[in-house]
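A.B. asks: here you go, sequence then predicted model.
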Amino acid sequence: MDLKSNHSSPVLTDPIPISKSRLGIHSNMFSYPQSGGSLSSGKYKMTPRKKPAKFDDVRSNGWLDAMKSSSPPRKKLIKGFNIEFSADDIDNAYNSWMIKYPSALKSFEQISKRAKNKKIVVFLDYDGTLSPIVDDPDQAFMSDDMRSAVSNVAKCFPTAIISGRSRDKVYDLVGLTELFYAGSHGMDIIGPVNHTESDVHPNSIRSNDQQGKEVSLFNPAREFIPMIDEVFKTLVENTKDISGAKVENHKFCASVHYRNVEEKNWPTIAQCVHDILKDYPRLRLTHGRKVLEIRPVIEWNKGKAVEFVLESLGLSETDDVLPIYIGDDKTDEDAFKVLREGDRGCGILVSSVPKESNAIFSVRDPSEVKIFLDTLVEMEEA
């Protein structure tokens with residue numbers, strides 16, 4: 001099967017129309033409307049597109065701006081002057097921001113009241129939430145104390161890890177069997193069996209976990225695996241000369257980390273990804289914290305994964321549940337949005353700097369995440 005296409009324009013954040021029936025994907029799996037106007041040779045004159053100047057593509061489509069905004073500097077250019085903000089300025093800005101996103105620790109009594117007579121379900125991101133953000137993603141280990149905190153939470157409440165990493169990788173890092181895991185931004189889920197889910201999710205299969213317990217495996221992007229593998233190999237080859245670049249294959253998506261790439265080389269790495277993606281109209285780019293992520297063009301994300309797990313637990317059609325999602329990245333916003341709509345649950349953003357979010361509460365860092373999890377357990381055991 002030829003996975004490439006002769007399309008000359010890349011899919012950035014808004015893919016071109018694609019025939020649903022040709023791809024064999026159910027219509028509700030697409031992220032975007034697939035309708036579009038037709039071209040009439042008598043009405044439109046088609047002219048060849050000029051080859052863009054170096055890096056014009058990634059400048060004009062906003063990739064470079066998005067890359068820079070994923071790690072905002074402490075200096076800000078104001079009327080031609082570089083202004084260095086003091087620690088007090090930063091603290092004051094953060095404290096003002098917390099009026100809108102109050103501390104989940106200081107607001108725990110409020111959360112506790114909402115949870116009264118309800119079943120709590122806990123959803124956790126991994127990087128930046130359970131482990132600190134580090135230069136080498138392979139070294140993003142959670143502490144033994146954090147692992148113990150997560151284990152204790154899972155004994156009290158259904159608990160799921162939803163990560164951009166592959167499911168196998170995040171399982172190796174967490175190492176707890178009592179959790180549900182969703183890797184590749186929710187495109188690879190192992191979770192509880194809902195005995196009616198086969199009618200709803202044709203991409204679910206039944207299996208057994210390491211303890212022999214029946215579980216559900218859900219892979220809505222299964223058909224993209226060969227394509228992602230091909231793109232991964234191309235990315236590795238084409239970025240090998242960019243110092244600090246790291247490419248990961250998450251099975252259902254691929255990521256290019258530029259945390260250790262000098263900023264002057266960011267346009268090079270962005271253009272490299274752009275040039276590869278233009279041959280794959282069924283893939284799109286999303287931005288994370290100093291990472292470019294290549295994902296299938298299907299309507300699936302961490303928010304959909306939250307809904308799937310709740311449905312599998314039989315808790316999607318009840319008001320007697322309080323989902324709590326804790327995450328730090330832009331990709332977690334889909335989950336925060338799901339919980340905010342209809343006041344369905346609590347989103348908690350992990351951030352030490354002010355930024356807009358669909359979350360309701362905030363914590364500064366993984367150490368405060370641990371305190372929050374410990375407090376949840378104490379509340380349940382009281």
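C.D. replies: That came in fine, so what should we check first?
A.B. asks: Three-state assignment for the spatially most central residue of the chain, please.
C.D. replies: The residue lying closest to the centre of the chain (CA atoms, centre = their mean) is T331, at 3.1 Å. Counting by DSSP: H, G, I helix; E, B strand; the rest coil, the backbone at T331 sits in helix.
A.B. asks: distance of it from K264?
C.D. replies: Computed with CB to CB, to the nearest Å, the distance linking T331 and K264 is 27 Å. Every residue, glycine included, has its C-beta placed from N, CA and C.
A.B. asks: count residues in the vicinity of R282, would you?
C.D. replies: Per other CB atoms under 10 Å, the neighbour tally for R282 reads 17.
A.B. asks: quick one: pLDDT of the closest residue to it other than its chain neighbours?
C.D. replies: Leaving aside its sequence neighbours, R282 sits nearest to V297 (CB to CB, 6 or more residues apart in numbering; 5.4 Å). pLDDT, V297: 91.
A.B. asks: same thing with S40?
C.D. replies: S40 is given a pLDDT of 35.
A.B. asks: ranges for the helices of the stretch 51-200 of the chain?
C.D. replies: Taking DSSP state H, counting those that start in this stretch to define them, one finds helices in the stretch 51-200 of the chain at 56-60, 63-69, 87-100, 108-115, 144-156, 167-174.
A.B. asks: give me the mean pLDDT for the shortest one.
C.D. replies: Over the span of helix 56-60, the pLDDT mean works out to 70.
A.B. asks: let's verify the residue nearest to A66 when sequence neighbours are not counted: helix, strand, or coil?
C.D. replies: Leaving aside its sequence neighbours, A66 sits nearest to H287 (CB to CB, 6+ apart; 4.6 Å). Here H287 takes the strand state, with states given by three-state DSSP.
A.B. asks: try A335
C.D. replies: Assignment for A335 (three-state DSSP): helix.
A.B. asks: how near is it to D229?
C.D. replies: 27 Å.
A.B. asks: on that earlier part again, out of the helices of the stretch 51-200 of the chain, indicate the one that is most buried.
C.D. replies: By mean neighbour count, with neighbours taken as mean count of other CB atoms under 10 Å, helix 167-174 ranks first of the helices of the stretch 51-200 of the chain at a mean of 19.
A.B. asks: touching that helix from outside, list them.
C.D. replies: With contact meaning CB atoms under 8 Å, 6 or more residues apart in numbering, helix 167-174 is reached by 126, 130-131, 140-142, 147, 150, 161, 163, 165, 181-184, 188-190, 250-251.
A.B. asks: those residues in strands, which ones?
C.D. replies: Using DSSP state E, the subset of these located in strands is I161, Y181, A182, G183, D188, I189, I190.
A.B. asks: re earlier: could the helices of the stretch 51-200 of the chain be laid out in CSV, adding distance to T239?
C.D. replies: Formatted as CSV, these follow (distance: least, CB to CB, whole Å):
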stretch, distance to T239
helix 56-60, 14
helix 63-69, 14
helix 87-100, 34
helix 108-115, 43
helix 144-156, 32
helix 167-174, 20
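A.B. asks: mind telling me which of those the model trusts least?
C.D. replies: Among those, helix 56-60 carries the lowest mean pLDDT (a mean of 70).
A.B. asks: got the end-to-end distance for stretch 122-138?
C.D. replies: In stretch 122-138, first residue to last residue: 25 Å (CA to CA, to the nearest Å).
A.B. asks: what of stretch 110-128?
C.D. replies: 25 Å.
A.B. asks: and for stretch 285-297?
C.D. replies: The first-to-last residue distance of stretch 285-297 comes to 9 Å (CA to CA).
A.B. asks: may I see the buried residues of it?
C.D. replies: 285-297 (16 or more other CB atoms under 10 Å).
A.B. asks: out of the residues you listed, who's nearest V377?
C.D. replies: Within the buried residues of stretch 285-297, the smallest distance to V377 is 28.5 Å, found for R289 (CB to CB).
A.B. asks: I'd like to know how far the closest one sits from G347.
C.D. replies: Distance from R289 to G347, by CB to CB: 17 Å.
A.B. asks: same deal with T129?
C.D. replies: 12 Å.
A.B. asks: G175 now?
C.D. replies: Taking CB to CB, one finds G175 at 26 Å from G347.
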